[in-house]
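1. prediction below, plus the sequence it came from.
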Amino acid sequence: MKKETTLRLTLTAVFMAFNIVLSSFGIPVPGGHLYLCDVAICLAAILLNPFEAFVVGGIGSFLGDMIFYPLPMFVSLVTHGLQAVVISLISHHTIKSNPKLASGIGVSIGAVIMVVGYTLGKIFVYSTLEYAIIKLPYEIAQGALGAILGWVLCWKCRIHAAFNRYVTEDRQK
């Protein structure tokens, strides 16, 4: 049991570091930036339990913002934390006969949570509805890109199978 706890703690920390690294830079696009932190959040949330997913998504994003751009760090804590918990809950507790579909639904709902959360957060942080509306297409693109890439990495690149094999083998020892 102690070895499994250490393994899960280590994996959570690695995913959190992955999130912080991906939130440290954006891909420049006309009129803004796309951040890839949602890829790490979606992938981790599909694999990890809800608490671990919150640590990766919420606390990881909070720390990344605190280091690189502190203004929206509390928006990131709440929005990405909620996004990760919902993805994890849906992925692990619905449609158990088809986990790929369950996680696809989870990351889709998670993308909506991220877009709505950041749009509302930008209205609050920057005190302007116009700025939030201008940035809305970038939030939608970031949410969609993160959901799709996180799901593809998990299932098509077989990270889910490797994760389960490693954790299951560790439990049997």
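-> Structure's in. What do you need?

2. which secondary element of this protein has the worst mean pLDDT?
-> Across the helices and strands of the chain, mean pLDDT, DSSP states H and E gives its lowest value to helix 159-172, namely a mean of 76.

3. what residues does the nearest residue to residue 25 once chain neighbours are set aside make contact with?
-> Excluding its sequence neighbours, the residue lying closest to residue 25 (Cβ to Cβ, 6 or more residues apart in numbering) is residue 35, at 7.8 Å. For glycine as for every other residue, the C-beta is placed from the backbone atoms N, C-alpha and C. Residue 35 makes contacts with 22-23, 25-27, 142, as judged by Cβ atoms under 8 Å, 6 or more residues apart in numbering.

4. quick one: the spatially most central residue of the chain from residue 106, how far?
-> The centre of the chain sits closest to residue 41, judged by Cα atoms, centre = their mean, with a distance of 1.8 Å. As judged by Cβ to Cβ, to the nearest Å, residue 41 and residue 106 stand 11 Å apart.

5. which phi and psi does residue 33 have?
-> phi -140, psi 150 (degrees, to the nearest 10).

6. that one and residue 133: what is the separation?
-> 17 Å.

7. next one: residue 161
-> Residue 161 is 42 Å from residue 133, by Cβ to Cβ.

8. so where's the chain uncertain?
-> Scanning the chain for pLDDT under 70 picks out 1, 168-173.

9. quick one: the strands in this protein?
-> Assigned by DSSP state E, the chain shows strands spanning 26-29, 32-35.

10. nearest to residue 14, of the ones you listed?
-> strand 32-35 (19.0 Å; Cβ to Cβ).

11. show me which positions of the closest one end up buried.
-> 32, 35 (16 or more other Cβ atoms under 10 Å).

12. same question for stretch 76-84.
-> Under the neighbour-count criterion of 16+ other Cβ under 10 Å, stretch 76-84 has 76-77, 79-84 buried.

13. quick one: the residues you listed as CSV, columns for distance to residue 111 too.
-> Shown next, in CSV, are these (distance: Cβ to Cβ, whole Å):
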residue, distance to residue 111
76, 15
77, 18
79, 11
80, 12
81, 15
82, 12
83, 8
84, 12
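
14. those in helices, which ones?
-> Residues of the buried residues of stretch 76-84 located in helices (DSSP state H): 76-77, 79-84.

15. of all the residues you listed, which comes closest to residue 53?
-> Using Cβ to Cβ, residue 84 comes nearest to residue 53 of those, at 3.9 Å.

16. still on that earlier bit, just name the closest of the ones in helices among the buried residues of stretch 76-84 to residue 147, please.
-> Distances from residue 147 to these, taken as Cβ to Cβ, are shortest for residue 83 (9.7 Å).
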